[in-house]
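>>> Have a look; sequence and predicted model below, questions after that.
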Protein chains: 2
Amino acid sequence: MAEPSLHTYLFFSIAITMLLVSPCLGLGLDTVREFLTREEDTIVFSLIERAKHPLNLPAYQDHACFGPSSGRRRNDSFAELFVRESEEIQAKAGRYQSQGEIPFFHSRVPFTLAPPYNFTIDLYPAAASVNVNDAIWGFYFNELLPLLAKNGDDGNYAVTAASDLACLQALSRRINYGRYVAEVKFRGDQQRYTALISSKDKDALMTLLTSETQEDVVKRRVEKKAMVFGQDVTLDGPTETGDKNTSQSSFKVSPSVVYKLYDQWVIPLTKNVEVEYLLHRLD
Amino acid sequence: MAEPSLHTYLFFSIAITMLLVSPCLGLGLDTVREFLTREEDTIVFSLIERAKHPLNLPAYQDHACFGPSSGRRRNDSFAELFVRESEEIQAKAGRYQSQGEIPFFHSRVPFTLAPPYNFTIDLYPAAASVNVNDAIWGFYFNELLPLLAKNGDDGNYAVTAASDLACLQALSRRINYGRYVAEVKFRGDQQRYTALISSKDKDALMTLLTSETQEDVVKRRVEKKAMVFGQDVTLDGPTETGDKNTSQSSFKVSPSVVYKLYDQWVIPLTKNVEVEYLLHRLD
């Protein structure tokens, strides 16, 4: 019988290390890709739904003081209060028991409502809490929302804020999923990542995580999804197939805005999450 | 100058009566049609999003007792508790200040959170509270949900129940919009409706409200929307245009389930709302 080659030896030693280090073996590249692709639909749906409502500016104005209140900070906007209170209910209902969900506001609500469930631990504990929710909050309200919603005020602030929450949660889940992406990439090439993490070489990590070709595919695909999902479907008319020649104004959300969302925020912030996660991956 | 004809006289007297009786003149047939068509997209999106999660049965089991609680009824399911508590927040946030929104559970939460807004009153006050939320609740959980969600349990009960709430709210808004449909139809043919309402002739009202041709168009259109919005969009592959020959299993929600939803529940229940509204239209 031939001696095992160095290659075979390395393969098995890495596999055994992975078995010891990996929090869970259920996570793989296919699962990650499938998740990210499916979340694109959720994000595009949520944007289209938010665009159904006008901007409804009074929901976002700080320092607005409307009605009696107990214990609320006077400079919270209505939308912020709505998100805080909704997240408290969802915390109570166990939403954040899953590592995939991260709230924008941490509350101390006891977790009492949901049936028990043993979640798998896919992430490395010391890196699991990495997230960029503050950045998501900022770009959503300051930059994306004005591109989505037409000017106007129909008074439906609660429905509008519920739509904002759906967008924020979808974006947060997608972008902070960078933790899972990083975990899978780390497991797939542990030696190389370990060296870069040990030397805290952020730039080299970012380069290793970047595939411009793949990013271009994603951006063009979400732009197409905005066309397909945001068209007016009629029984007899032609169905939009994502041809770029169609006027942007015929869609419920401009496809170029969705392209920009991924180009300027979703993809760069996901990579920031990946790098930050990796920097804690050996803690 | 010629004497005004009887026709002219009738026209003006009906117009003046409408001005006196109508709660608001902003509502028209075009607005109503546009609203109903747009809500189809919202409903299909919400179903596709619910179908992303497995059934998660523990969220729906009655008599489950998990964790400490204060004041909760022991036979509430998790999903029901989640909807109740979420609706309380939304009530506090003013969601139900708009006549278009009706909660599944009435709470006594004071309305304190939202900026003030003067909503227009489109509905006739004595008929405005007509709704079929109990029937919607029943068919959604007992009949529709098992057709939407695959068997399985991933423990994400809060996210799942939030998806259920989105479906329920979209269906409730759409079906109870029958009040607006009835108001517009009443205004458009007051003499005929008044006679049938006075004689409490439910069957004749139902016949007058029914257009099988139009209902068929709606059912086929929502089936097509399920195909267009529920496909896997890829950059290079062909985009689904609603051709019925494609396998039902390639869509995120079966188009035939969406057809059935409209055929068996949405359209009949909307007409029930219309008839009930009209029966109170002269109170």
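Received it, and whenever you're ready, just let me know what you need.
>>> List the contacts of stretch A:174-182.
With contact meaning C-beta atoms under 8 Å, 6 or more residues apart in numbering or on different chains, stretch A:174-182 is reached by A:27, A:32, A:35-36, A:39-40, A:42-43, A:99-100, A:102, A:122-123, A:127-128, A:130-133, A:136, A:209, A:265-266, A:269-275, A:277-278, A:281. C-betas here are computed from N, CA, C, even on glycine.
>>> residues near A:Tyr124, how many?
Using other C-beta atoms under 10 Å in any protein chain shown, A:Tyr124 has 22 neighbouring residues.
>>> show me what contacts A:Phe119?
A:Phe119 is in contact with A:Gln97, A:Ser98, A:Gln99, B:Gly155, counting by C-beta under 8 Å, 6+ apart.
>>> Go ahead and confirm the second one touches B:Asn156.
Yes: in this structure A:Ser98 lies within contact range of B:Asn156 using C-beta atoms under 8 Å: 5.6 Å.
>>> If you count surrounding residues, which of those two has more?
Set side by side, A:Ser98 and B:Asn156 show more neighbours around B:Asn156, with 24 against 18, by other C-beta under 10 Å.
>>> And the more buried one, its phi and psi?
Backbone torsions of B:Asn156, given as degrees, to the nearest 10, read phi -80, psi 60.
>>> residues contacting it?
Counted by C-beta under 8 Å, 6+ apart, B:Asn156 has contacts A:Arg95, A:Ser98, A:Gly100, A:Glu101, B:His53, B:Asn56.
>>> On the pLDDT front, check the first one for me.
Going back to what we said before, that points to A:Arg95. A:Arg95 carries a pLDDT value of 94.
>>> Tell me who's in contact with it.
So A:Arg95 contacts A:Glu101, A:Pro103, B:Asn156, B:Ala158, B:Val159, B:Ala162 (C-beta under 8 Å, 6+ apart).
>>> from those, which is closest to A:Asp216?
Taking C-beta to C-beta as the measure, A:Asp216 sits nearest to A:Glu101 out of the contacts of A:Arg95, at 29.2 Å.
>>> tell me the pLDDT at that closest one?
pLDDT for A:Glu101: 95.
>>> likewise A:Ala195?
pLDDT, read off for A:Ala195, is 98.
>>> okay if I get the contacts of B:Asn156 as a markdown table plus secondary structure and distance to B:Lys185?
What follows is the contacts of B:Asn156, written out as a markdown table (DSSP: H, G, I helix; E, B strand; the rest coil; distance: C-beta to C-beta, whole Å):
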| residue | secondary structure | distance to B:Lys185 |
| --- | --- | --- |
| A:Arg95 | helix | 43 |
| A:Ser98 | coil | 47 |
| A:Gly100 | coil | 47 |
| A:Glu101 | coil | 45 |
| B:His53 | coil | 39 |
| B:Asn56 | coil | 41 |
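>>> what does the stretch 101-250 of chain A put close to chain B?
Residues of the stretch 101-250 of chain A lying near chain B by C-beta under 8 Å from any C-beta of the partner chain: A:101, A:111-119, A:153, A:155-159, A:161-162, A:166, A:217, A:220-221, A:224-225, A:228-229, A:231-235, A:238-242.
>>> so for the helix or strand that A:Ala170 is a member of, what's the average pLDDT?
Per DSSP states H and E: A:Ala170 is located in helix A:157-175. Computed over helix A:157-175, the mean pLDDT rounds to 98.
>>> Following element in sequence after that helix, please.
helix A:178-188.
>>> ok and the residue in the stretch 1-150 of chain A nearest chain B?
Proximity of the stretch 1-150 of chain A to chain B (C-beta to the nearest C-beta) peaks at A:Tyr117, 3.1 Å away.
>>> Report the secondary structure state of the closest residue to that residue other than its chain neighbours.
Closest residue in space to A:Tyr117, ignoring its immediate chain neighbours: B:Gly155 at 3.1 Å, by C-beta to C-beta, 6 or more residues apart in numbering or on different chains. The three-state assignment at B:Gly155 reads coil, by DSSP: H, G, I helix; E, B strand; the rest coil.
>>> how many neighbours does B:Gly155 have?
21.
>>> That one contacts A:Gln99, correct?
No: here B:Gly155 does not reach A:Gln99: they are 11.3 Å apart, not a contact under C-beta under 8 Å.
>>> Reduced to three states, what does A:Pro103 come out as?
coil.
>>> Spit out the contact partners of it.
Contact analysis of A:Pro103 by C-beta under 8 Å, 6+ apart lists A:Glu87, A:Gln90, A:Ala91, A:Arg95, A:Tyr96, A:Asn133.
>>> List the contacts of the residue in the stretch 151-283 of chain A that chain B sits nearest to.
Nearest residue of the stretch 151-283 of chain A to chain B, counting by C-beta to the nearest C-beta: A:Gly155, 3.1 Å away. By C-beta under 8 Å, 6+ apart, the residues touching A:Gly155 are A:Asn56, B:Gln97, B:Ser98, B:Tyr117, B:Asn118, B:Phe119.
>>> And A:Ala162, by the same measure?
A:Ala162 sits next to A:Phe82, A:Ser86, B:Gln90, B:Arg95 when contact means C-beta under 8 Å, 6+ apart.
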